[in-house]
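In: Predicted model follows, preceded by the sequence.
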Amino acid sequence: MQPYLFPYLGYFQLINAVDAFVAYDDVNYIKGGWINRNFICAKDHKQLITLPTQGASPNKLINQVLVGNGSRKLLQTIRQTYSKAPEFLTVFPLIEDIFHQEEENLARFVDYQLRQICEYLGINTTWYISSELKYDKALSGQERVLAICDEMGATHYINAEGGQTLYDKGVFSSRDKQLSFLRTKTTPYPQFSNTFTSHLSIIDVMMFNDKAQCMKLLQGYELV
């Protein structure tokens, strides 16, 4: 999976469901994607938050983009939004630690926040960075993923549900690999508003649910 900024619950369900997770940092940056932005919960609507970048372009790899100025303003937005959430005092120091890192490389910045959140959630999956693997970097798309699976000796590849448009079960089967997609079940929890908004950033999940409830939510999915 590409490294995403504070992704939704399903991203962490996927990390928790697998034996080994590969942070896919050596593919092209997607402008308008989730690598540096996500939604949090405002009073009666969802609010987009964006980590500023330097030199971001679809012609660059994710690990070639830098973090821009303005991360402290983003941290302040999160503080103001969730200061009255039930788990704020527990979770906000974690968010502060992520924003106070000195890392300027976007891929490594985002990778650090994913690992820190996994540690908070009790996820102990083995972690790899795709740019550090030896597979043929000239490959693209599905063949590239299959090459990574071959290098790691994987027989079962799990992607997010949205990957159904990218990967073909027949092709994986012909290469002696099982392909599954993780579908997140929507489990409402109390937010500021009476109307539950699903698929927000993991920040929202952690701010409104204690660790025990977060661990239960991590099990709310099915493989299709």
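Out: The structure has been received and is ready for your questions. Computed from a prediction, not measured in an experiment: that's the story for all the values here.

In: Name the spans of this structure whose pLDDT lies under the cut-off.
Out: Within the chain, no stretch has pLDDT under 70.

In: For residue 105, see how far away the residue in it sticking out farthest from the centre is.
Out: Taking Cα atoms, centre = their mean, the residue of the chain most remote from its mean C-alpha position is residue 174, at 29.2 Å. Relative to residue 105, residue 174 is positioned 37 Å away (Cβ to Cβ, to the nearest Å). In short, each C-beta sits where N, CA and C put it, glycine included.

In: Next: residue 160.
Out: With Cβ to Cβ as the criterion, residue 160 and residue 105 are 24 Å apart.

In: For the lengthiest helix in the chain, enumerate the helices and strands it packs against.
Out: Taking DSSP state H as the criterion, the chain has its longest helix at helix 106-121. Helices and strands touching helix 106-121, as assessed by 3 or more Cβ pairs under 8 Å, 6 or more residues apart in numbering; DSSP states H and E, comprise helix 9-17, strand 20-23, strand 66-67, helix 88-99, helix 202-208, helix 211-217.

In: nearest to residue 36, of these?
Out: Of all those, it is strand 66-67 that lies closest to residue 36, at 8.2 Å by Cβ to Cβ.

In: Can you get me the centre-to-centre distance for that closest one and its chain?
Out: Centre-to-centre, strand 66-67 and its host chain are 17 Å apart (Cα atoms, centre = their mean, to the nearest Å).

In: Can you check what angle separates the helix or strand following it from helix 88-99?
Out: Downstream of strand 66-67, the first helix or strand assigned by DSSP states H and E is helix 71-82. Angle between the axes of helix 71-82 and helix 88-99 is 170 degrees (criterion: axes from the mean of the first three to the mean of the last three Cα atoms, to 10 degrees).

In: If you count neighbours, what's buried in helix 71-82?
Out: 71, 74-75, 78, 81-82 (16 or more other Cβ atoms under 10 Å).
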